[in-house]
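Enquirer: What follows is a predicted protein model with its sequence.
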Amino acid sequence: MSEKYKILAQFIKDMSAETPNIETFIFVKDYISKYNFNIDINSIPVKDKVIEVNTRLSLSDPNKNEKKSYFEIIFATVIKIDDELKEKKEIEKIILCDLQNKIYPGIEKKFFKLVVDSGYPEPKPNKKIDFNELYSSKQN
């Protein structure tokens, strides 16, 4: 089966690592394993079945600690959906599942490098993200 979409472009739209001072750095270095790892996916129609898909990964303090750091990457992927595809559900599955399965490992690698390059240990998410499972559970 051939893919029902084509990747036209990929780029880092935004990247941020925020640690305001040394006291925060020292606190967060010991506490970062308790940070929440989040993913958010949204899409913006461009024109004629061309869609910009933004995959946002972030690592943030779940508590109201005064000393906290924040890490985020927004990775944009521009895709062209096959002209034959008309069904909204099928396009949604491409954006939320098929495309993510293809691009996510690279985005995660870039994101974790940002955290490590900021002086922190590499994040260890609780489990690997299964986009097929997430998509299926969303449909039920």
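Expert: Ah, there it is. All figures in this text were calculated on a predicted structure; none of them were measured in a lab.

Enquirer: Does anything pack onto the longest helix along the chain? Which helices or strands?
Expert: What stands out as the longest helix in the chain, according to DSSP state H, is helix 99-117. Using 3 or more CB pairs under 8 Å, 6 or more residues apart in numbering; DSSP states H and E, the elements in contact with helix 99-117 are strand 5-18, strand 50-60, strand 70-81, helix 131-139. C-betas here are computed from N, CA, C, even on glycine.

Enquirer: and the ones you listed, which one's lowest on average pLDDT?
Expert: Of all those, the minimum mean pLDDT falls on helix 131-139 (a mean of 78).

Enquirer: rewinding a little: any chance you could list what contacts the longest helix of the chain?
Expert: 5, 7, 10, 12, 15, 17, 32, 41, 53, 55, 57, 59, 71, 73, 75, 77, 79, 122-123, 129, 131-132 (CB atoms under 8 Å, 6 or more residues apart in numbering).

Enquirer: Now with 7 Å, please.
Expert: 5, 10, 12, 15, 17, 41, 53, 55, 57, 59, 71, 73, 75, 77, 79, 122-123, 129, 131 (CB atoms under 7 Å, 6 or more residues apart in numbering).

Enquirer: Show me just the buried residues among the residues you listed.
Expert: The neighbour count (16 or more other CB atoms under 10 Å) marks 5, 17, 41, 53, 55, 57, 59, 71, 73, 75, 77, 79, 123, 131 as buried among those.

Enquirer: Compile those into JSON lines and extend it with columns for distance to residue 106.
Expert: Shown next, in JSON lines, are the buried ones among the contacts of helix 99-117 (distance: CB to CB, whole Å):
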{"residue": "5", "distance to residue 106": "17"}
{"residue": "17", "distance to residue 106": "18"}
{"residue": "41", "distance to residue 106": "15"}
{"residue": "53", "distance to residue 106": "14"}
{"residue": "55", "distance to residue 106": "10"}
{"residue": "57", "distance to residue 106": "11"}
{"residue": "59", "distance to residue 106": "17"}
{"residue": "71", "distance to residue 106": "17"}
{"residue": "73", "distance to residue 106": "11"}
{"residue": "75", "distance to residue 106": "8"}
{"residue": "77", "distance to residue 106": "10"}
{"residue": "79", "distance to residue 106": "15"}
{"residue": "123", "distance to residue 106": "16"}
{"residue": "131", "distance to residue 106": "14"}
